[in-house]
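Q: Build me a model from this:
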Amino acid sequence: MNRADFTFYHLRSGEKSPDISLLFPGWQEGDERVAIFSPHDDDALLGPGYLLQAIPLFGGEVEIIIFCNGSGGYSTIEHKPIISALRARETAQAYQKLGIVESKIHRLDYDDYSVWPFIGWKLATGAEGTFQKILPLLRKLKITRVVAPNGYQEHLDHTATFWVASFDTPQAGDPVMADWGENYPVRSLLQYAVWSDFSPEDAFLQGESPTIRANLALKAPAKAEENIQEAMQAFRTQANIIAGLMSERAERQISQQEFIEVYLSFDPRPKCDYRKYINKIEEIDKRGGKE
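A: Here you go, the predicted structure:
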């Protein structure tokens, strides 16, 4: 594959481009390190798997940050005491098939179904939460973009990981926690979908139909999907669990040789526009208002 095999779309403006900067504004080839937040081992393949393959073609590096250790993913009782070790091995094999070496995979090792209580820094128990792991890691890796899971009605771990991306990621560029590494700002964030659509709220606020919730998309060649299918075969312990998800991937097919992924860009720190409030107050004052 080469970069010409990928096409990028802005679904609201109607723009189409061969340039990945349509997804990542201001893309700086040769100086981009994209962290894909993966709640579970396979989510970064099932959700943004095409994008994962495209990024290196456009001069970027990919880092995979996996939040959960797979402890709840055993399908046989015999695997229960060793499932996390099995999943880690399978994960390395799966991503290797897409050119992601094991040193690019970072495991936070939270138990499945359990990320939510760890959001934050200092927990009520005295333990340290996600903030203490994510902030130094983003700074150490000099991450420029973050691709996070859909936070709307997919899975509790997906929602928790999304909120970590929303609140912890912006802090990487703030002059705080000076002993946690040099501050390094993240330039933009995207949400990816694994199986559920995004929240209708953003579409509504943008004046779009709630049926079109993503605002960005990419079109990838059939080879990209073939690579995902091959990589997912490495998760042998998950064969029964992921069978349905793999069959549903046919819905991404747009033609015999093309498949799509959809994304939602979002600003984790939307600013308040005080001008609109000032205008409203001035309008009321001009009318005299009601005393």
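
Q: Quick check: closest non-adjacent residue to residue 26.
A: Among residues not flanking residue 26 along the chain, residue 187 sits closest, at 6.3 Å (CB to CB, 6 or more residues apart in numbering). Any C-beta I mention is one placed from the backbone N, CA and C, and that applies to glycine too.

Q: tell me the contacts of residue 16?
A: Counting by CB atoms under 8 Å, 6 or more residues apart in numbering, residue 16 touches 7, 8, 9, 10.

Q: Which helix or strand contains residue 148?
A: Applying DSSP states H and E as the criterion places residue 148 in strand 145-149.

Q: Same question for residue 183.
A: Judged by DSSP H and E, residue 183 forms part of no helix or strand.

Q: One more: residue 66?
A: Residue 66 belongs to strand 60-68, assigned by DSSP H and E.

Q: right, and the helix or strand after the lowest-mean-pLDDT helix or strand in the chain?
A: The helix or strand of the chain with the poorest confidence is helix 200-205; it has a mean of 73 (mean pLDDT, DSSP states H and E). Using DSSP H and E, the helix or strand that follows helix 200-205 in sequence is strand 216-221.

Q: Report the separation between the closest residue in space to residue 257 that isn't next to it in sequence and residue 1.
A: Distance criterion CB to CB, 6+ apart; nearest residue to residue 257, sequence neighbours excluded, is residue 222 at 4.8 Å. Separation of residue 222 from residue 1 (CB to CB, to the nearest Å): 10 Å.

Q: cool, residue 64 as well?
A: Distance from residue 64 to residue 1, by CB to CB: 19 Å.

Q: who does the strand holding residue 66 pair up with?
A: strand 32-38 (parallel), strand 105-110 (parallel) (DSSP bridges).

Q: Please name the residues that touch the residue nearest in space to the middle of the chain.
A: Nearest to the geometric centre of the chain sits residue 148, at 2.0 Å (CA atoms, centre = their mean). With contacts defined as CB under 8 Å, 6+ apart, residue 148 is in contact with 37, 161, 162, 164, 165, 166, 169, 189, 190, 191, 192.

Q: who touches the fifth one in this structure?
A: Looking back up the chat, that one is residue 165. Contacts for residue 165 were tallied using CB under 8 Å, 6+ apart; they are 37, 146, 148, 189, 268.

Q: Any idea what the first one is bridged to?
A: In this case it means residue 37. Residues in beta-bridge contact with residue 37 (DSSP bridges): residue 65.

Q: got it, and the third one?
A: Per DSSP bridges, residues listed as beta-bridge partners of residue 148: residue 191.

Q: re the thing from before, ok, how many other residues are close to the residue nearest to residue 26?
A: When neighbours are defined as other CB atoms under 10 Å, residue 187 has 16 of them.

Q: Same check on residue 39?
A: Residue 39 has 28 nearby residues by other CB under 10 Å.

Q: mind checking pLDDT for it?
A: pLDDT recorded at residue 39 is 97.

Q: Residue 124 in helix, strand or coil?
A: Using DSSP: H, G, I helix; E, B strand; the rest coil, the structure places residue 124 in coil.

Q: Can you name the residues that contact it?
A: Residue 124 neighbours (CB under 8 Å, 6+ apart): none.

Q: can I get the CA coordinates of the host helix or strand of residue 277 in CSV?
A: Using DSSP H and E, the element containing residue 277 is helix 274-287. Taking C-alpha atoms only, helix 274-287 is exported to CSV below (Å, rounded to 0.1, in the frame of the first residue of the first chain):
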residue,chain,number,x,y,z
TYR,A,274,-18.3,35.7,25.6
ARG,A,275,-19.1,37.9,22.6
LYS,A,276,-22.4,36.3,22.0
TYR,A,277,-23.4,37.0,25.6
ILE,A,278,-22.2,40.5,25.4
ASN,A,279,-24.3,41.0,22.2
LYS,A,280,-27.3,39.6,24.0
ILE,A,281,-26.9,41.9,26.9
GLU,A,282,-26.4,44.9,24.7
GLU,A,283,-29.6,43.9,22.8
ILE,A,284,-31.5,43.8,26.0
ASP,A,285,-30.1,47.1,27.2
LYS,A,286,-31.0,48.7,23.9
ARG,A,287,-34.6,47.6,24.2
